[in-house]
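Undergrad: next input, structure requested:
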Amino acid sequence: MNVLHVLCDLSGGGAERLVLDLCRYSTVDASVVTIHAGGALAEEFAAAGVTVRCAGRVRGRLGLRAVRKLSQWAAHADVVHTHLWAGDTWGRPSAWLGGCPRVVTTEHNTQADSTLRRHIWTVMAPLSARIVCVSQAAAQTVAASGVSKRRLSVIENGIDLSRFSSAPSTGKGILSVGRLTHQKGFDVLLHALRSIPTPTTILGEGEDRAALERLADGLPVRLPGWIADTHAALSAAAIMVIPSRWEGFGLVAVEAMAAGVPVIASRVDGLIEVVGDAGILVEPEDASALADAIRRLLGDAGLRAELIRRGLARAPRFSIQKTVGRYEALYRSLLSR
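TA: Here you go, the predicted structure:
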């Protein structure tokens, strides 16, 4: 079986990391096409031996050449699996033009970047034979847009648990990871740190970098960009803070739990499902409540130990082997029709 994943690029977000692991651990022949070139995970895809091709769309242009390339590659695939806005928008019609009607689309989020994008996504939904949602919250969002629930599946994201030490972290600082965008709420974290300045590392890149650097001025905060090995950063952290305004899943929360790092996260649908009772949940946008939660967790060793215990017990629910197995079963069901 040949599965072709279509992504925007190889950025370091949760969707791209999921695709990398689907390619690493799947028993099917999996390859990747990106709409745009580059991305922080390019070296990791190469190291994993994943074939990656680029359709070469120029941002701001319609992308007809990219569609032509994609349709040619899709013609040789048994299943085309699309991800994120660009992957869905150019991948789905390209698959049909290439004669591959077995299109799987994964919805990774609970909120689109704009109303127009959500509308376009919904109009194209009939091109997908199956729409997979990474959480119940994401499934509710898709169903609310008018897609029949009969066409939806929920497959939670997963990680390779063997890559994470089960020994609780002995670090002292705060770690936060994600794209530097409005969605991720790092500005809220920086406002919270004004009242409780604590050594903090924010890993990621994005269009909000300059604004966040200005907010971080005078605080013990580092923004080193993306790094390939987040395990070292996790081992140096006392707390993982995830201040997202909305979230479809929250893969970084699973990684923190698996690494023995207690989690503070926003009380938004995707993170509620992932974290459960293994972390402290605070209202999004509430810097004061976030500061109180950080202060409380840093000052209570017993609470930290209890959340670490719960996190280590909860993390195996999100095994990449379970995730891969469910996707492969879905691929096989489409081929059998």
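
Undergrad: CA atoms for contacts and neighbours, from now on please.
TA: Fine.

Undergrad: which SS class is His5?
TA: Recorded secondary structure, His5: strand (DSSP: H, G, I helix; E, B strand; the rest coil).

Undergrad: check Gln72 too.
TA: Gln72 ends up helix, using three-state DSSP.

Undergrad: which residues does it contact?
TA: Gln72 makes contact with Gly98, according to C-alpha atoms under 8 Å, 6 or more residues apart in numbering.

Undergrad: wait, a strand at Arg53?
TA: Yes. Arg53 forms part of a strand when assessed by three-state DSSP.

Undergrad: tell me the bridge partners for the closest residue to it other than its chain neighbours.
TA: Spatial nearest neighbour of Arg53, excluding adjacent residues (C-alpha to C-alpha, 6 or more residues apart in numbering): Val33 at 4.8 Å. Under DSSP bridges, the beta-bridge partners of Val33 are Val6, Arg53.

Undergrad: what's the separation between Val33 and Arg332?
TA: Distance from Val33 to Arg332, counting by C-alpha to C-alpha, to the nearest Å: 21 Å.

Undergrad: ditto for Ala143
TA: Using C-alpha to C-alpha, one gets 24 Å for the distance from Ala143 to Arg332.

Undergrad: list the residues that contact the residue nearest to Arg53.
TA: Per C-alpha under 8 Å, 6+ apart, neighbours of Val33: 4-7, 52-55, 70.

Undergrad: what about the strands in the protein?
TA: With DSSP state E as the criterion, the chain has strands at 2-7, 29-34, 52-54, 79-83, 103-107, 130-133, 152-154, 173-177, 200-203, 221-225, 237-242, 263-266, 279-282.

Undergrad: low-confidence regions, the stretch 51-200 of the chain specifically.
TA: 60, 113, 166-169 (pLDDT under 70).

Undergrad: what separation do you get for the closest residue to Val52 other than its chain neighbours and Trp73?
TA: Nearest residue to Val52 in three dimensions, chain neighbours excluded: Val32, at 4.7 Å (C-alpha to C-alpha, 6+ apart). For Val32, the distance to Trp73 equals 10 Å [C-alpha to C-alpha].

Undergrad: so for the two, which residue has more residues nearby?
TA: With neighbours defined as other C-alpha atoms under 10 Å, Val32 and Trp73 compare such that Val32 has more, 23 against 18.

Undergrad: which residues does that one contact?
TA: Val32 touches 4-7, 50-53, counting by C-alpha under 8 Å, 6+ apart.

Undergrad: same check, this time on Ile196
TA: 291, 295.

Undergrad: go on, Lys69?
TA: Neighbouring residues of Lys69 by C-alpha under 8 Å, 6+ apart: Ala55.

Undergrad: so how far is Gly63 from it?
TA: According to C-alpha to C-alpha, Lys69 and Gly63 sit 10 Å apart.

Undergrad: again with Ala37
TA: With distances taken as C-alpha to C-alpha, Ala37 is found 13 Å from Gly63.

Undergrad: domains of this protein?
TA: Split into domains by automatic domain parsing, the chain comes to 2-158+319-335, 161-317.

Undergrad: and the shortest one, end to end?
TA: What that stands for is domain 161-317. End-to-end distance for domain 161-317, by C-alpha to C-alpha: 10 Å.
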